[in-house]
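# coords please:
(one chain, ligands or ions: 1)
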Amino acid sequence: MTEDEQLRQEAYEQIEKNKNLVDQDPYRLTYHIMPPVGLLNDPNGFIQVNGVFHLYYQWMPFKTDHGAKFWGHYSSEDLVNWRHESIALTPSEWYEKNGCYSGSAIEYKGKIYAFYTGNVKDEQGNRETYQCLAISEDGIHFNKKGPLIYLPEGFTAHFRDPKVWKQEETYFMVIGAQTKDLKGAIALYQSKDLLNWTYRGILVGGGKGELQEFGYMFECPDLFHLDGKDILVFSPQGLETQGMKYQNVYQAGYVIGDFDPKTGEYRHQEFEELDRGFDFYAPQTTIDSKGRRLLFGWMSVPDQHEQDHPTIEYKWIHNMTLPRELKLVSGKVYQVPVDELDQLRCSEVVSHTVKLTKESQELNGIHGKAVELNIQDIEIAEGWMEISISDGGRIIYSADEKVISFERKSYVDGMTEKRQCILSGLKNLRIFIDTSSVEIFINDGLETFTSRIYPSPKNDKITFGASKDASFTALKWDLNVKNVNI
Ligand code: FRU
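Predicted coordinates for the structure are as follows:
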């Protein structure tokens, strides 16, 4: 048996071995992408080819911890119903023996070219990094071509996560990096044939430009065109908390700018966080056949109490966000759940013109563990209003302070913890609850809060309250939970 066959067999055995835990698991997600077993992290190689979406993911099948990652694989025709496919990449070769780390995919002559980082680490912790290529005709079986890019001068071996795109007959690649003086940076490469790559220099960071003092490492860069601008999404590490900003261990966000493919220069505005919740990192985008810019994020943050998640007992940890469409509105990147997700809706409950005058009430028929809530035409002039998701989390909007908050019961010590952002007025909320996760889209996607929650398993109450007067229309759908087939 080859090393690759051996690793595949062991991973599949791991899935089989833990199947019996599924029925006992109160935190299992019902309509989100999660690992069949083990740890899932970054979305990788997100692409639509011949009408099929492929979403690969960082996967450690053998434990609920990080390590020598595989590329797992889900596919879908409609972004709603997902099939778990066979393993795309195993860390079987010398140049990737400690992990087929994150990367991206691009279509070339009908084939999928997947670029990823081969991670190598010895016992002393010394690292090597190789940017590798694997080619697939069907999106399922990959033919590894080995390393194409070796570590250039001036960087530490924290050099990874290639994202490739085509612009004016040239292919470009951005790579997350750390310079030798320990500054976060993004390196730029270009190529005519996807095989021979030329280093163009540092795109942002590395002690220069607006992002010169901005943490010690930039992970998972993604540069793309959106509504006339070039958006650079990346995940910086090492930012200090500033008021309501940068509250998580690491961040994920974007800058809006203009990329000049001739000079390789990128001028941009200030960094903005993409999400305000507890669990959002390493997002990746693709463009689909309708021209939409779609994003998946990892619903977690590295090194943020990962070993305390209650799902570990059931031999899995972490999941993806829902697929979101990006829009650029008045200088802000909005995130909206893709329209296709409406297909998940089954029974509908509508509560017209709810007037809240007291601190906690239930609304007829509005409860559940796998639901979408749509709160529209919100009117609140003073005081605060809140929505509680059983005993797992609470959304509070203060009209007096113009602040929206999400609070949850910490899974580490049971204490209440909070994330917040400024919001000059609350118009609407779309809330997707899925057992142990919640995604909140505020004012048509202007702000989002993405978080894991661990409510008491039997509690599916949703309650509403206000300190003074608040009114709105509430719609609730139970969601069809048979869409992700592991
Ligand atoms: C981000 C990240 C990437 C790396 C991958 C390894 O979460 O650290 O930089 O490629 O995870 O799993």
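
# rest of the way, CA atoms for contacts and neighbours
Fine.

# Would you quantify the distance from the residue nearest to the spatial centre of the chain to residue 164?
Centroid-nearest residue in the chain: residue 297, 0.9 Å away (criterion: C-alpha atoms, centre = their mean). According to C-alpha to C-alpha, to the nearest Å, residue 297 stands 18 Å off from residue 164.

# What strand or helix carries the residue in the stretch 301-450 of the chain that the ligand sits nearest to?
Residue of the stretch 301-450 of the chain nearest the ligand, by C-alpha to the nearest ligand atom: residue 302 (6.0 Å). Following DSSP states H and E, there is no helix or strand that holds residue 302.

# I'd guessed it sits against residue 248; true?
No: with contact defined as C-alpha atoms under 8 Å, residue 302 does not reach residue 248; the gap is 9.7 Å.

# Settle it for me: which of those two has more neighbours?
Each of residue 302 and residue 248 has its neighbours counted (other C-alpha atoms under 10 Å); residue 248 has more, 21 against 18.

# nearest spatial neighbour of that one, skipping sequence neighbours?
residue 278 (6.5 Å; C-alpha to C-alpha, 6 or more residues apart in numbering).

# helix, strand or coil for the one you found?
Under DSSP: H, G, I helix; E, B strand; the rest coil, the three-state class of residue 278 is coil.

# Who are the contact partners of it?
248, 300-301, 419, 449-452 (C-alpha atoms under 8 Å, 6 or more residues apart in numbering).

# now, which of those lie within strands?
419, 449-452 (DSSP state E).

# Any chance of those in TSV with neighbour count and distance to residue 406 as columns?
Converted to TSV, the ones in strands among the contacts of residue 278 look like this (neighbours: other C-alpha atoms under 10 Å; distance: C-alpha to C-alpha, whole Å):
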residue	neighbour count	distance to residue 406
419	20	5
449	24	7
450	25	9
451	26	9
452	27	11
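
# can you redo these as JSON lines with distance to the ligand and pLDDT?
JSON lines is the format used below for the ones in strands among the contacts of residue 278 (distance: C-alpha to the nearest ligand atom, whole Å; pLDDT from 0 to 100):
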{"residue": "419", "distance to the ligand": "21", "pLDDT": "98"}
{"residue": "449", "distance to the ligand": "19", "pLDDT": "98"}
{"residue": "450", "distance to the ligand": "16", "pLDDT": "98"}
{"residue": "451", "distance to the ligand": "16", "pLDDT": "98"}
{"residue": "452", "distance to the ligand": "17", "pLDDT": "98"}
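
# Alpha carbons only: can I get stretch 198-214 in PDB?
Extracted in PDB, the C-alpha atoms of stretch 198-214 (Å, rounded to 0.1, in the frame of the first residue of the first chain):
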ATOM      1  CA  THR A 198       7.800  35.000 -10.700                       C
ATOM      2  CA  TYR A 199       8.000  36.800  -7.300                       C
ATOM      3  CA  ARG A 200       6.800  40.400  -7.700                       C
ATOM      4  CA  GLY A 201       7.400  41.600  -4.100                       C
ATOM      5  CA  ILE A 202       5.400  42.500  -1.100                       C
ATOM      6  CA  LEU A 203       1.800  43.500  -1.800                       C
ATOM      7  CA  VAL A 204       1.000  44.900   1.600                       C
ATOM      8  CA  GLY A 205       2.600  44.800   5.100                       C
ATOM      9  CA  GLY A 206       6.100  43.700   5.900                       C
ATOM     10  CA  GLY A 207       6.800  47.000   7.800                       C
ATOM     11  CA  LYS A 208       5.800  49.200   4.800                       C
ATOM     12  CA  GLY A 209       2.700  51.300   3.900                       C
ATOM     13  CA  GLU A 210      -0.500  51.600   5.800                       C
ATOM     14  CA  LEU A 211      -0.300  48.100   7.200                       C
ATOM     15  CA  GLN A 212       3.300  48.400   8.500                       C
ATOM     16  CA  GLU A 213       2.500  48.000  12.200                       C
ATOM     17  CA  PHE A 214      -0.200  45.400  11.900                       C
END
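
# Give the buried residues for that stretch.
202-207, 211, 214 (16 or more other C-alpha atoms under 10 Å).

# still on that earlier bit, pLDDT wise, what is the residue nearest to residue 248 at?
What the model reports as pLDDT for residue 278 is 98.
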